[in-house]
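> make a model of this:
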Amino acid sequence: MHFLPFIFCIPLVFGAPTKENALNKILIEENPDTAGNREKIRGIINKAFANRIPRVQGRQGVAPPVKLAALNYGPKNNQTHRFEELNSEINEYTFESDIMLNEKQANNLANSIENGHYRAKRQAIVDTTLFWNVSVPIAYQFDSKLSANNIANVRKAIQFWNDNSCLSFNEDNNANNRLFMSSAGGCWSYVGKQVDMPYQVVSVGPNCDTLGTATHELMHALGFWHQQSRSDRDDYVYVDFSNIIPSQAYNFQKMPLDQAQLLNLKYDYGSVMQYYPYAFALDSSKYTILAKESGFQNSMGQREAPAFSDLVAINKLYNCDKKCTKQMTCSNCGFTDSRNCNQCKCPRYFSGPTCDALPSGSAANCNGEVLQASSTWQTFDAKAGDPNSYTSSTTNSTNCFWHIKAPAGQKVEFKMTKSPMAAICMQECPWQALEINMGKFDLYGMITCCDTILNQVFTSEQNMVALRGVIKYNQLTFSIQYRAVPSQGIATTNVCVSR
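Numbers count the residues shown, from 1 in each chain. Next up, the predicted model:
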């Protein structure tokens, strides 16, 4: 029995100056959808949401504390195109910036909005026709207008979900219900299998074909909504409605549990389905979304690649564990690989058949190692990358890994004493970064490259801390201090929050 996961938000009527242009970008020659259908769906949601705007803004999202909003994460990163920018001409017809609803989804959502079902305690079964059959390869076709480079990049995204789930894909230009990988305007997708369409568009043209963005749109097509619309999101983030463009407030609607399940997964700031923290801001210099947990602001909106929790979600939704008659005993939050039942699928901080080894770093001069913590503070200077390289790559990065281990039954205290590239740091850390995971290895870690958390002491969830250096430019260097401390009677076994 299947349930449709994660989250929703909602559109509002925005004027019609770009209506014709918007429809032209959506209803490209190859799209079997129609203008009448798009207008009908737009009307369903607008009508349901219009009378609830004051209540939505009053009850959803809490303005962040001034102290949190003032934390320095460095200058704003203006290097990356965002969905709300790439999709600006079609926003009046999209839901949550990059989603095309079908009529049934729109009606279900409208009923929830109008009836105020935000605190449903049970999760209703979602239409199983939205799910792909794991026994049949998902057919896809490339738009002839896509460039060779564009197609190559999208192939990598398709291969990613093929390799990391029990779903399979097959290029077939004639199959029914295929994915049409299109160069339509913007980056967007329908959610789940659209059984009433001979094929469904996934718009992954120029600026949408990076691994993170293309896997994001494919994740929609496989049945997923956005992270920040989860029904429990206010436990993890502040949404500042005072800084959101009023006509775009629908994008921050929380999805009721009777329409989107959580799959028993925890909120992950680094999910590839999480919004950019400046999304739809009135004042583009101020956040609209702030992480409540210290250090996770730069993790939100990342489009490097899906987080490990995204892999767990896909595999849970499609019951991939059923492919293996015997489940592996995996360390550090790994799970049995449905592509090879004799090994584990591991969080990227780990390798080996059972996820208990340190990965080999791909970066030059990587001095990754396993550091053993004792009761006294120790210092370690880390490095990875080529100090003589001044060529940057915003799409391809290299890595280096470090583990810090305390004796069994103890925890690790950790602090950074020198930040990577602190002198020229930037939000989201596009050039170099350090990802710090304090023990919730199936969730994304803290991303830092500035002095924001410098000399702050963090205590691990268990007896290990995992570090990942990310290098896209020059050489990464940083310094840390660490020591082992008693766990004070708290269990230090694996903290796997997605089980």
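> pLDDT weak spots in the stretch 251-400 of the chain?
255-262, 394-395 (pLDDT under 70).
> skip the chain neighbours and tell me the closest residue to the residue of the chain most remote from its centre.
Most distant from the centre of the chain: residue 376, at 37.6 Å, with distances by Cα atoms, centre = their mean. Among residues not flanking residue 376 along the chain, residue 483 sits closest, at 6.0 Å (Cβ to Cβ, 6 or more residues apart in numbering). All C-beta atoms are positioned from the backbone trio N, CA, C, and that covers glycine.
> who touches the one you found in this structure?
373-378, 412-413 (Cβ atoms under 8 Å, 6 or more residues apart in numbering).
> and the furthest pair within those?
Between any two of the contacts of residue 483, the greatest separation by Cβ to Cβ is 13.0 Å, found for 376 and 412.
> separation between the residue farthest from the centre of the chain and residue 484?
Using Cβ to Cβ, to the nearest Å, residue 376 is found at 9 Å from residue 484.
> again, but for residue 459
11 Å.
> which parts of the protein are helices?
19-26, 35-50, 53-59, 66-69, 83-86, 103-115, 148-163, 211-221, 308-317 (DSSP state H).
> any chance of those in a markdown table, with distance to residue 339 and mean neighbour count too?
Converted to a markdown table, the helices of the chain look like this (distance: least, Cβ to Cβ, whole Å; neighbours: other Cβ atoms under 10 Å):
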| stretch | distance to residue 339 | mean neighbour count |
| --- | --- | --- |
| helix 19-26 | 35 | 17 |
| helix 35-50 | 37 | 17 |
| helix 53-59 | 42 | 14 |
| helix 66-69 | 42 | 10 |
| helix 83-86 | 30 | 20 |
| helix 103-115 | 31 | 18 |
| helix 148-163 | 7 | 17 |
| helix 211-221 | 17 | 23 |
| helix 308-317 | 11 | 24 |
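> on that earlier part again, find residues that contact each of residue 459 and residue 484.
The contact lists of residue 459 and residue 484 share 411-413, where a contact means Cβ under 8 Å, 6+ apart.
> list just the nearest of those to residue 311.
Once Cβ to Cβ is applied, the member of those that ends up nearest residue 311 is residue 412, at 25.8 Å.
> tally of neighbours for the closest one?
25 (other Cβ atoms under 10 Å).
> let me know whether it touches residue 373 as I believe.
Yes - using Cβ atoms under 8 Å, residue 412 is in contact with residue 373, at 5.3 Å.
> got any residues that touch both of the two?
404-406, 482-484.
> returning to that earlier point: could you dump the helices of the chain to CSV with distance to residue 299?
Rendered in CSV, the data for the helices of the chain read as follows (distance: least, Cβ to Cβ, whole Å):
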stretch, distance to residue 299
helix 19-26, 31
helix 35-50, 30
helix 53-59, 26
helix 66-69, 15
helix 83-86, 17
helix 103-115, 28
helix 148-163, 20
helix 211-221, 13
helix 308-317, 12
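> which one of the ones you listed lies nearest to residue 293?
With Cβ to Cβ, the closest approach to residue 293 among the helices of the chain belongs to helix 66-69: 10.4 Å.
> where does pLDDT dip in the stretch 1-150 of the chain?
1-19, 51-72, 79-81, 113, 115-127.
> who are the contact partners of the residue nearest to residue 308 when sequence neighbours are not counted?
Distance criterion Cβ to Cβ, 6+ apart; nearest residue to residue 308, sequence neighbours excluded, is residue 347 at 4.5 Å. Residues counted as contacts of residue 347 (Cβ under 8 Å, 6+ apart) are 308, 332-334, 355, 441-442, 466.
> and the gap between residue 140 and residue 132?
11 Å.
> next one: residue 452
41 Å.
> same thing with residue 410?
46 Å.
> check contacts around the closest residue to residue 412 other than its chain neighbours.
Closest residue to residue 412 apart from its sequence neighbours, by Cβ to Cβ, 6+ apart: residue 460 at 4.1 Å. By Cβ under 8 Å, 6+ apart, the contact set of residue 460 is 404, 406, 411-414, 438-439.
> which non-adjacent residue is nearest residue 289?
Among residues not flanking residue 289 along the chain, residue 277 sits closest, at 4.5 Å (Cβ to Cβ, 6+ apart).
> next, that neighbour: phi, psi?
Backbone torsions of residue 277, given as degrees, to the nearest 10, read phi -70, psi -10.
> so what's the residue nearest to the spatial centre of the chain up against?
The centroid of the chain falls nearest to residue 272 when counting by Cα atoms, centre = their mean (1.7 Å). Contact partners of residue 272, counting by Cβ under 8 Å, 6+ apart, are 212, 215-216, 219, 302-303, 305-307, 310.
> returning to that earlier point: more crowded one of residue 459 and residue 484?
Legend: neighbour count by other Cβ under 10 Å for residue 459 and residue 484, higher for residue 484 (22 against 13).
> return the distance of that one relative to residue 466.
In this structure, residue 484 and residue 466 are 16 Å apart, going by Cβ to Cβ.
> which stretches of the stretch 351-499 of the chain form strands?
Remark: strands assigned in the stretch 351-499 of the chain by DSSP state E, counting those that start in this stretch are 370-372, 378-385, 398-405, 410-418, 432-437, 446-448, 458-459, 464-471, 475-486.
> using CSV, list the CA coordinates for the second one.
Output of strand 378-385 as CSV, limited to C-alpha atoms (Å, rounded to 0.1, in the frame of the first residue of the first chain):
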residue,chain,number,x,y,z
GLN,A,378,43.5,17.9,20.6
THR,A,379,44.1,20.1,17.5
PHE,A,380,44.0,19.1,13.9
ASP,A,381,44.8,21.1,10.7
ALA,A,382,42.9,19.8,7.7
LYS,A,383,43.6,20.3,4.1
ALA,A,384,42.3,19.2,0.7
GLY,A,385,42.7,20.5,-2.9
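> in it, which residues are buried?
If you call a residue buried by 16 or more other Cβ atoms under 10 Å, then strand 378-385 has these buried ones: 380, 382-385.
> same deal with the fourth one?
Applying a neighbour-count criterion of 16+ other Cβ under 10 Å, one finds 410-416 buried in strand 410-418.
> is it true that residue 292 touches residue 236?
Yes - the pair residue 292 and residue 236 passes the contact test of Cβ under 8 Å, sitting 5.7 Å apart.
> check contacts around the closest residue to residue 22 other than its chain neighbours.
Distances taken as Cβ to Cβ, 6+ apart place residue 90 nearest to residue 22, at 4.6 Å, with adjacent residues excluded. Applying Cβ under 8 Å, 6+ apart, we find residue 90 in contact with 22, 25-26, 185-186, 188.
> repeat that with 10 Å
Shown in contact with residue 90 (Cβ atoms under 10 Å, 6 or more residues apart in numbering): 18, 21-26, 38, 97-98, 100, 184-186, 188, 203.
> which two in the residues you listed are spaced the farthest apart?
Across these, the longest distance by Cβ to Cβ is 18.6 Å; it joins 24 and 97.
> which ones are touching the residue nearest to residue 458 when sequence neighbours are not counted?
Spatial nearest neighbour of residue 458, chain neighbours left out: residue 414 (5.1 Å); criterion: Cβ to Cβ, 6+ apart. Contacts for residue 414 (Cβ under 10 Å, 6+ apart) come out as 373, 404, 436, 438, 456-460, 465, 467, 480-483.
> thought residue 137 was touching residue 175?
Yes - counting by Cβ atoms under 10 Å, residue 137 touches residue 175, with 8.9 Å between them.
> quick check: residue 365 touching residue 474?
No - in this structure residue 365 lies outside contact range of residue 474 using Cβ under 10 Å: 11.1 Å.
> common neighbours of these two, please.
Joint contacts of residue 365 and residue 474 (Cβ under 10 Å, 6+ apart) are 385-387.
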